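> Model the structure of this input:
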Amino acid sequence: MTTRRARSGRALFVVGTTTATLAALVALPGSSYAEPSTRSIGEVRQQVDELYAKAEKVTEQANELGDKMTAINRRVRSLDADVTRQQQRVSALRGDIGQFAAAQYRAGNVDMTAQLAVSKDPNEYLARMRTVKVVDAQQGDMLRQLQEGQKRLAEQRAARSAELASYREAKSQADARRKTALRNVAEAKALLERLTAEQKRRIAAAEKAAREKAAREQAAREQAQSRSTRSTGGGRTTPKSDLPSNPGPAPAPKPAPAPSGSGRGATALAFARAQLGEPYVFGAAGPNSWDCSGLTMGAWRAAGVSLPHSSRSQYAISTKISKSQLRPGDLVLFYSDRHHVGIYAGNGMVIHAPRPGKTVEYIKMAYMPYAGAVRPG
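The predicted model follows:
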């Protein structure tokens, strides 16, 4: 899709209004903006759009780096255990070799030619010679084991040092991206604060009107499906209780009834619905705040499926499906780089954690540029 389309879709997502809604805003009775003009409001909206988009992108990058750090930590712990075991082996070999050398010293190491000269029994001499050869071979084998053990220990230590260096680098990058995200959000909030109280009121009214319109359209679709089911006498449709009467945030959500669908997807959707109204926080993965991939990760964890804390990584490891194959609980990705993800709730709706200042909410898929869908597990 084109950059313009993605940017337009993101604007709808951030501000919660469509182009038509903004047109309605301008056309409201008594609408008159002395400063800034209607055009400048659109420019501010675009700037806010871009800042929030940048913030979310770098946050997802920070989440990916966080997953990388977790994996590095696991490898370092494993290497720590390997180094400890190998050090114990090397120490034991050194002890064995020391004891062996001491035993030889105590027994004496007389030249075999001299032993032949003084020996009264050639058979006894030959037996001693065979014993010495066996002992020499054992000593050589122990020395080779020690050398190999020391080499392996050095390799493990070097690998551990490299992993720790990677961890420090990933942490530095993650911290930098989180700082960038917070800076972008602060700039976006500052831009919005420049709007007058009247402009903010009108935008809020337009957002409310858009949500109410979406709710009416959703109710109409549900009624049409219900009539179709009754007329055909069969088929299963999504129960009306499965979807919100208002696609906007729910400040005090009630316990969610059983969702549509079945199996793990239904469990994931039920979990997501229970978080409606909870705030968006960068990098959060519960229990009382979320970012977009943190919510989907938590939802599918409740269903027994482990996902990384990154929208792109979730997409990469899950089964790809088409839009027509979507079932409740599936993950829907948005924007060309797939930096945003939500949980499909049926009838073209998703539950997602949108951005700072917003809460977990229902929203139409059409409000954001679709970039793919997957089914975890």
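> hey, where'd the strands end up in this protein?
For the chain, the strands defined by DSSP state E occupy 319-321, 331-334, 340-346, 349-352, 361-364, 370-375.
> weakest of the ones you listed in terms of mean pLDDT?
Lowest mean pLDDT of the strands of the chain: strand 361-364, a mean of 91.
> what's around Arg264, how many residues?
18 (other Cβ atoms under 10 Å). For the C-beta atoms, the positions are set from N, CA and C on the backbone; glycine is no exception.
> now do Ala371
When neighbours are defined as other Cβ under 10 Å, Ala371 has 19 of them.
> Tell me if I'm right that it and His339 touch.
No - using Cβ atoms under 8 Å as the test, Ala371 is too far from His339 to be in contact (9.0 Å).
> and the lengthiest helix in the chain, what does it pack onto?
Assignment by DSSP state H gives helix 122-193 as the longest helix of the chain. Counting contacts by 3 or more Cβ pairs under 8 Å, 6 or more residues apart in numbering; DSSP states H and E, helix 122-193 packs against helix 38-107, helix 112-118.
> same thing but at 6 Å, please
Under the contact criterion of 3 or more Cβ pairs under 6 Å, 6 or more residues apart in numbering; DSSP states H and E, helix 122-193 touches helix 38-107.
> angle of the helix it packs on against strand 340-346?
110 degrees (axes from the mean of the first three to the mean of the last three Cα atoms, to 10 degrees).
> Can you give the contact residues for stretch 74-88?
Under the contact criterion Cβ atoms under 6 Å, 6 or more residues apart in numbering, stretch 74-88 has outside partners Arg152, Leu153, Gln156, Ala159, Arg160, Glu163.
> that older thread, what pLDDT, on average, does the longest helix of the chain get?
Mean predicted confidence for helix 122-193 is 79.
> wouldn't Val374 be in contact with Tyr315 here?
Yes - contact status for Val374 versus Tyr315: in contact at 5.5 Å, counting by Cβ atoms under 6 Å.
> ok, Gly263 to His340 distance?
25 Å (Cβ to Cβ, to the nearest Å).
> for Gln46, same thing?
18 Å.
> who's in contact with Ser58?
Careful, residue 58 is Val; it's not Ser. So Val58 contacts Arg177, Thr180, Ala181 (Cβ under 6 Å, 6+ apart).
> so how far is Leu164 from it?
Val58 sits 25 Å away from Leu164, going by Cβ to Cβ.
> Please name the nearest non-neighbouring residue to Gly298.
Gly286 (4.8 Å; Cβ to Cβ, 6 or more residues apart in numbering).
> Thank you kindly, that will do.
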